[in-house]
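> sequence and predicted structure, then a few things I'm wondering about:
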Amino acid sequence: MKQNQKKAWLFLAPILILVTVFSIWPIIRAFIMSFKGGPIINMQYNGLANYQYIFSDPDFWHAIANTAIYAFVTVPVALIISIALAWFVFSKIKHKTFFETMFFMPYVTSTIAIGIVFRYILNGKYGLLDYLLRAIHLPAPDWLDDPSMSIISLIMFGVWASLAFNIVILMGALRNIDPNYYVLADMYGASEMEKFWRITLPQLVPTITFLLTVNLIGAFKIYTQVYALFNGAAGQANSAMTAVFYIYNKFQVVNTPGVAMAATVVLFFIILLATFIQRKITKKVNS
Amino acid sequence: MKKKKFSWGMVVIYLFIAIFAIITVFPFIYMILGGLMSYEETTTIPPTLIPHHFNWDNFRQVFAQAPFARYFLNTFITASVSTLVTLFTSILGAFAMVYLKFRGKGFIQLILLSLLMVPAEAIIFTNYTTIMDMGLLNTYLGLVLPFLVSIFYMYYLQSYFTAISPTIYKAAKIDGASDWEFIWKILVPMSKGGLMTVGLLSFIAGWNSFLWPLLVTNEDSMRLLNNGLTAFTTDAGAQTQLQLAAATLTVLPILVIYFIFRKQIINGVVRNDLKA
């Protein structure tokens, strides 16, 4: 057999051409554009002005803070609920696939469409949630129009939406645990709790670290859920402004693409750093 | 076998599952029911759960007030085209990476793998600029062009192809089959399951796409479902029942596909993510 089959490049050509134009070039271009000012059709170099602008823009820090709060609350809360649900369904329910199918529904459905239902349920005047809260004499906040509630509403929506993927991945991992461990544990008379803490959880550690990374990266990029929940805005008085929403506004609404790209570069490095730290931790955990 | 005993722990567990099952499924049911309510029923206190009378007319009104038929067509075309072409380019690429030996393979693998880590949101705005430079705003080509390849799905297929023994390739070559014949007559039929899964996941992603079509289209006739839906909710204003009917129309086709192919879809998601 020949060692250098040049025809391989022919088969790879479509992928390589499109990847160069739509994955590699845009990264380089984002860097270049972040050093330019002016409207998109006539951009001129302006050095570090865009970076100076975003670092002194309180809206940018507000967006980064919102994104961080959202990520660091939604991800652990959703993960803990997912682990509990996956474990309960796996160990206590006969019709596992039925529940799995049900819990996975949010993953395949349009965030925008579901956002419309959530807006209806969370409506401060005639929404179902506030009606139920009032019925049991709890405070019924205005979830969507009160700026101090925006992030909380977004987190609720985020948790709801992220359970699906987590549960399905965790169920897959639970199925892969050698059942002999449990047989052995039963022989020694281990309790359910002991089995969970001593066998199940340690076996799930790689899956959990994987989900943590994927969820965190996903949470840092949150955009569509904000758009869906607040009908195209970033909440009352921009109270739910997130990083990608900030980038979109600067790019498309205010028409300052250079500023948007500077913010993109910063977000890109934040995500890269998060991935890097997580990999280090995973290596430590696995060794 | 131990006899099942009543315990409060079990009650708590079943309650926990039941509550979250309701929280997960209820929005879908409420969306369908709300789409059949009258305007008055959507604004009453206490809120209406089940409409007294199913207002099927809401759906007619949705189609009358906004070109949803056109949105459906646009969405179907872009999702199908990007799925079919992605399958095609991924099959060719994965074939080359698995069966052929060539200089630079390791380098290509490394580049593609590191590109997997680049968040889509970081390149979507510059891609918009590229499509604008090409003069492809408000065209089908502009809508699909960046989504005709997927490094992710190519890797997914690579794992499928690796499982097929390389001796089959050698045997086919000895029998005089060309690479092209091998791909379409042997490789593709043998990896139907994997191709099906990639096709389903890619179609669902295309159907639900939002930010990209929002950027590259601004003419109503070129909008996709989700963008049409957001425009409609802004225009329809307080008509909650029409918004919900439109949302139902958007979600229902995907839910039908999901219920038919749930096994392939769920297994596909589990498989490619455990490998990552």
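Received, thanks.

> what segments of chain A are helices?
A:8-19, A:25-33, A:49-55, A:58-92, A:96-108, A:111-121, A:128-135, A:150-175, A:179-187, A:192-195, A:201-220, A:224-229, A:243-248, A:257-286 (DSSP state H).

> dump these into CSV; add distance to chain B, mean neighbour count and mean pLDDT as well.
Where C-beta positions appear, they are placed from N, C-alpha and C, glycine not excepted. Supplementary listing: those in CSV, determined by distance: least, Cβ to the nearest Cβ, whole Å; neighbours: other Cβ atoms under 10 Å in any protein chain shown; pLDDT from 0 to 100:
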stretch, distance to chain B, mean neighbour count, mean pLDDT
helix A:8-19, 4, 19, 95
helix A:25-33, 4, 17, 94
helix A:49-55, 14, 17, 95
helix A:58-92, 5, 19, 94
helix A:96-108, 5, 19, 93
helix A:111-121, 4, 24, 94
helix A:128-135, 5, 16, 90
helix A:150-175, 4, 22, 94
helix A:179-187, 10, 11, 89
helix A:192-195, 8, 13, 86
helix A:201-220, 7, 18, 89
helix A:224-229, 5, 25, 93
helix A:243-248, 5, 26, 94
helix A:257-286, 5, 18, 86
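
> redo the ones you listed as CSV? Include distance to B:Phe147.
Output for the helices of chain A, formatted as CSV (distance: least, Cβ to Cβ, whole Å):
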stretch, distance to B:Phe147
helix A:8-19, 9
helix A:25-33, 14
helix A:49-55, 29
helix A:58-92, 26
helix A:96-108, 18
helix A:111-121, 18
helix A:128-135, 37
helix A:150-175, 21
helix A:179-187, 42
helix A:192-195, 45
helix A:201-220, 19
helix A:224-229, 16
helix A:243-248, 19
helix A:257-286, 20
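
> mind checking which of these is nearest B:Ser178?
For the helices of chain A, proximity to B:Ser178 was assessed by Cβ to Cβ; helix A:8-19 is nearest, at 12.2 Å.

> report all helices and strands that that closest one contacts.
Counting by 3 or more Cβ pairs under 8 Å, 6 or more residues apart in numbering or on different chains; DSSP states H and E, the packing neighbours recorded for helix A:8-19 are helix B:68-99, helix B:105-115, helix B:151-162.

> chain A: which of the ones you listed is closest?
Closest of the helices and strands packed on helix A:8-19 to chain A is helix B:68-99, at 3.8 Å (criterion: Cβ to the nearest Cβ).

> which elements pack onto that closest one?
Applying 3+ Cβ pairs under 8 Å, 6+ apart, we find helix B:68-99 packed against helix A:8-19, helix B:105-115, helix B:140-144, helix B:151-162, helix B:192-207, helix B:225-236, helix B:240-260.

> so can I have TSV of the helices and strands packed on helix A:8-19 showing mean neighbour count and mean pLDDT?
Listed next are these as TSV, based on neighbours: other Cβ atoms under 10 Å in any protein chain shown; pLDDT from 0 to 100:
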stretch	mean neighbour count	mean pLDDT
helix B:68-99	21	96
helix B:105-115	13	91
helix B:151-162	20	90
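
> for those helices, give me JSON lines that also has distance to A:Gly38.
Below are the helices and strands packed on helix A:8-19 laid out as JSON lines (distance: least, Cβ to Cβ, whole Å):
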{"stretch": "helix B:68-99", "distance to A:Gly38": "32"}
{"stretch": "helix B:105-115", "distance to A:Gly38": "30"}
{"stretch": "helix B:151-162", "distance to A:Gly38": "33"}
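
> stretch B:97-109: end-to-end distance?
End-to-end distance for stretch B:97-109: 8 Å, by Cα to Cα, to the nearest Å.

> show me what it is in contact with.
A:1-9, A:11-12, A:16, B:96, B:154, B:158, B:161-162, B:166, B:169, B:179 (Cβ atoms under 8 Å, 6 or more residues apart in numbering or on different chains).

> extract the C-alpha set from stretch A:161-176 and format it as PDB.
Output in PDB follows, covering the C-alpha atoms of stretch A:161-176 (Å, rounded to 0.1, in the frame of the first residue of the first chain):
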ATOM      1  CA  ALA A 161     -34.000  23.600  30.000                       C
ATOM      2  CA  SER A 162     -30.700  22.000  31.100                       C
ATOM      3  CA  LEU A 163     -32.200  19.000  33.000                       C
ATOM      4  CA  ALA A 164     -32.900  17.100  29.800                       C
ATOM      5  CA  PHE A 165     -29.300  16.700  28.500                       C
ATOM      6  CA  ASN A 166     -27.900  16.100  32.000                       C
ATOM      7  CA  ILE A 167     -30.400  13.300  32.800                       C
ATOM      8  CA  VAL A 168     -30.000  11.500  29.500                       C
ATOM      9  CA  ILE A 169     -26.200  11.500  29.800                       C
ATOM     10  CA  LEU A 170     -26.300  10.500  33.500                       C
ATOM     11  CA  MET A 171     -28.700   7.600  32.700                       C
ATOM     12  CA  GLY A 172     -26.200   6.500  30.100                       C
ATOM     13  CA  ALA A 173     -23.400   6.500  32.600                       C
ATOM     14  CA  LEU A 174     -25.500   4.700  35.300                       C
ATOM     15  CA  ARG A 175     -26.300   1.900  32.800                       C
ATOM     16  CA  ASN A 176     -22.500   1.500  32.300                       C
END
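
> domain ranges for chain B?
For chain B, automatic domain parsing gives the domain ranges B:8-58, B:67-236.

> any regions of the stretch 1-150 of chain B where pLDDT drops low?
B:1-5 (pLDDT under 70).

> what about A:Met241, neighbour count?
By other Cβ atoms under 10 Å in any protein chain shown, the residues close to A:Met241 number 24.

> my read is that it contacts A:Asp59, right?
Yes. Taking contacts as Cβ atoms under 8 Å, A:Met241 lies within contact range of A:Asp59: 6.7 Å.

> ok, and the closest non-adjacent residue to the spatially most central residue of chain B?
With distances taken as Cα atoms, centre = their mean, the residue of chain B nearest its centroid is B:Ile204 (1.7 Å). Nearest residue to B:Ile204, sequence neighbours excluded (Cβ to Cβ, 6 or more residues apart in numbering or on different chains): A:Val108, at 5.3 Å.

> can I assume that neighbour is in contact with B:Pro253?
No. With contacts counted by Cβ under 8 Å, A:Val108 stays clear of B:Pro253, the gap being 10.8 Å.

> mind listing what the residue lying closest to A:Phe165 once chain neighbours are set aside touches?
Distances taken as Cβ to Cβ, 6+ apart put A:Tyr107 closest to A:Phe165, at 5.4 Å, once the chain neighbours are dropped. For A:Tyr107, the contacting residues are A:164-165, A:168, B:269, by Cβ under 8 Å, 6+ apart.

> and the domains of chain B, which is most packed in?
Of all the domains of chain B, domain B:67-236 carries the top mean neighbour count, a mean of 18, counting by mean count of other Cβ atoms under 10 Å in any protein chain shown.
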